[in-house]
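In: I would like to see how this sequence folds:
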Amino acid sequence: IKKNFIVYIMSSSKKSSDQQEVNLLNLPADQLNQLYSVWKMELQQYTTYLQSMHKIKERFRTSQQCLKQLRDAKKGTETLIPLTGSLYVAGDMGDVNDAMVDVGTGYYIKKDIPGAVEVIDRRLKHLEENMEKIQKAVTEKQQVVNTCERAMMARKRVAPPSSSSVASTTSS
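Out: Reported below is the predicted structural model:
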């Protein structure tokens, strides 16, 4: 039964491959609770980060679709230009051969349509690789949190009754 409560924690050495095996049942209750809180918070951060990455991925996919539509557009074609997520103005297509591509930190470069698609494809591939790494970290952290929860429950089941719960009787 003790083997079910083993987790591997990164050691304090500088080598990232160094892991220390820890049996959660051997830890003091306050240390176990503290580790649980840290791991739960890390899991939440990873999950939030992964959700943000999914939103970014959708934006890249939308950009890809727009560029594909732009390939078929002709100069002077009427279109709606988004000012916000729900506000558009009418406009005419000008240069349908080039697009401005956001390359980060407020910088844009002018690319022809195939070049813009290539930039987005590269960024999407990089994002998906990072998403796989984060998903793996989420899965691993979830397993650690679950193991910690099971250890805390096991500890509660085998904990001896506290002295305050035993009634003392005195005779006069």
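In: At the geometric centre of the chain, which residue do we find?
Out: For the chain, the residue nearest the mean C-alpha position is Leu50 (2.4 Å; CA atoms, centre = their mean).
In: how much space between that one and Glu129?
Out: Look at Leu50 and Glu129: by CB to CB, to the nearest Å, they are 13 Å apart. C-betas here are computed from N, CA, C, even on glycine.
In: Kindly report the same for Ala154.
Out: Taking CB to CB, one finds Ala154 at 38 Å from Glu129.
In: Look at the two and report which has more neighbours.
Out: Ala154 (16 against 10; other CB atoms under 10 Å).
In: Identify the residues contacting Arg150.
Out: 4-5 (CB atoms under 8 Å, 6 or more residues apart in numbering).
In: Can we start the residue count at 52 from this point?
Out: New numbering, starting at 52: the last item is Arg201.
In: what packs against the host helix or strand of Ser103?
Out: Counting by DSSP states H and E, the element that carries Ser103 is helix 80-122. If contacts are counted by 3 or more CB pairs under 8 Å, 6 or more residues apart in numbering; DSSP states H and E, helix 80-122 sits against helix 164-209.
In: quick check: mean pLDDT across the helix it packs on?
Out: For helix 164-209, mean pLDDT is 93.
In: circling back: following element in sequence after the helix holding Ser103, please.
Out: strand 129-133.
In: partners of that following strand in the sheet?
Out: The strands that strand 129-133 pairs with in its sheet are strand 139-143 (antiparallel) (by DSSP bridges).
In: which residues are contacting the strand it pairs with?
Out: With CB under 8 Å, 6+ apart as the test, strand 139-143 has contacts from 127-134.
In: Buried residues, stretch 106-116. List them.
Out: 111, 114 (16 or more other CB atoms under 10 Å).
In: Check which helices and strands the lowest-mean-pLDDT helix or strand in the chain sits against.
Out: Lowest by mean pLDDT, DSSP states H and E among the helices and strands of the chain is strand 57-61, with a mean of 77. Packing contacts for strand 57-61, counted by 3+ CB pairs under 8 Å, 6+ apart, involve strand 70-74, helix 164-209.
In: again, only using 7 Å
Out: When contacts are defined as 3 or more CB pairs under 7 Å, 6 or more residues apart in numbering; DSSP states H and E, strand 57-61 packs onto strand 70-74.
In: got the angle for the strand it packs on vs helix 80-122?
Out: Computed by axes from the mean of the first three to the mean of the last three CA atoms, to 10 degrees, the angle separating strand 70-74 from helix 80-122 equals 130 degrees.
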